[in-house]
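Engineer: no sequence for this one, just the structure:
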């Protein structure tokens with residue numbers, strides 16, 4: 001069995017590098033050196049190499065043996081495909097959980113939406129995205145579907161990179177309203193409306209200018 005310590009170090013490396021790519025700290029096209037990254041993260045090279053291999057599998061990094069490892073560009077087709085998959089998973093979560101959420105779940109969604117709105121107003125993209133993930137994460141966790149959750153976790157970073165590049169307050173305002181309607185539909189046990197609203201929220205990413213990204 002793999003040692004717990006190694007798994008934790010690999011996860012730390014993976015999450016740190018992934019988040020830096022999504023934030024743009026490691027920009028598209030940036031060359032990645034495992035020794036340099038290991039030094040910056042205070043880790044050995046082994047977990048960093050493991051993390052880069054996982055990120056390559058997920059489309060955030062591209063690797064050419066004996067040549068280079070670099071951050072991938074934001075590719076419209078891959079973002080579009082990721083949006084379609086993530087949207088379907090969130091729709092499934094909404095359909096499965098509407099009417100079955102606890103009062104605490106609904107309050108957590110409402111609180112996350114208030115944080116999302118406040119962050120969007122002050123232009124804090126990181127906080128807005130974190131709040132959005134928290135809101136939808138309530139439905140994902142309540143579904144109890146591990147395959148669904150794993151699929152969302154894998155493909156959402158591809159979408160978040162585009163959102164950071166194309167973040168617009170007008171889009172955020174629409175999301176706040178739809179979040180409120182989604183919470184109301186979940187509270188009422190209206191699975192059809194909750195699923196429809198979830199689809200609208202994720203389809204609205206098409207307004208972020210996917211076709212304009214090189």
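Structural biologist: Good, I have the coordinates. Just so it is clear, the structure is predicted and the values come from calculations on it, not from any experiment.

Engineer: What is the neighbour count of residue 22?
Structural biologist: Residue 22 is flanked by 21 other residues according to other CB atoms under 10 Å. To be clear about C-beta, it is placed using only N, CA and C from the backbone, and glycine gets the same treatment.

Engineer: what about the helix or strand containing it, distance to the chain center?
Structural biologist: Residue 22 belongs to helix 4-23 when elements are defined using DSSP states H and E. Chain-centre distance of helix 4-23: 15 Å, with CA atoms, centre = their mean, to the nearest Å.

Engineer: and the next helix or strand along the chain from it with helix 4-23, angle?
Structural biologist: Per DSSP H and E, the first helix or strand lying C-terminal to helix 4-23 is helix 34-41. If you take axes from the mean of the first three to the mean of the last three CA atoms, to 10 degrees, helix 34-41 sits at 90 degrees to helix 4-23.

Engineer: So what touches helix 34-41?
Structural biologist: Outside of helix 34-41, the residues within contact range by CB atoms under 8 Å, 6 or more residues apart in numbering are 12-13, 16-17, 44-45, 48-49, 52, 69.

Engineer: Following that helix in sequence, what is the next regular element?
Structural biologist: Following helix 34-41 toward the C-terminus (DSSP H and E): helix 45-57.

Engineer: Taking helix 34-41 as reference, get the angle to that following helix.
Structural biologist: Counting by the same axes, to 10 degrees, helix 45-57 lies at 110 degrees to helix 34-41.
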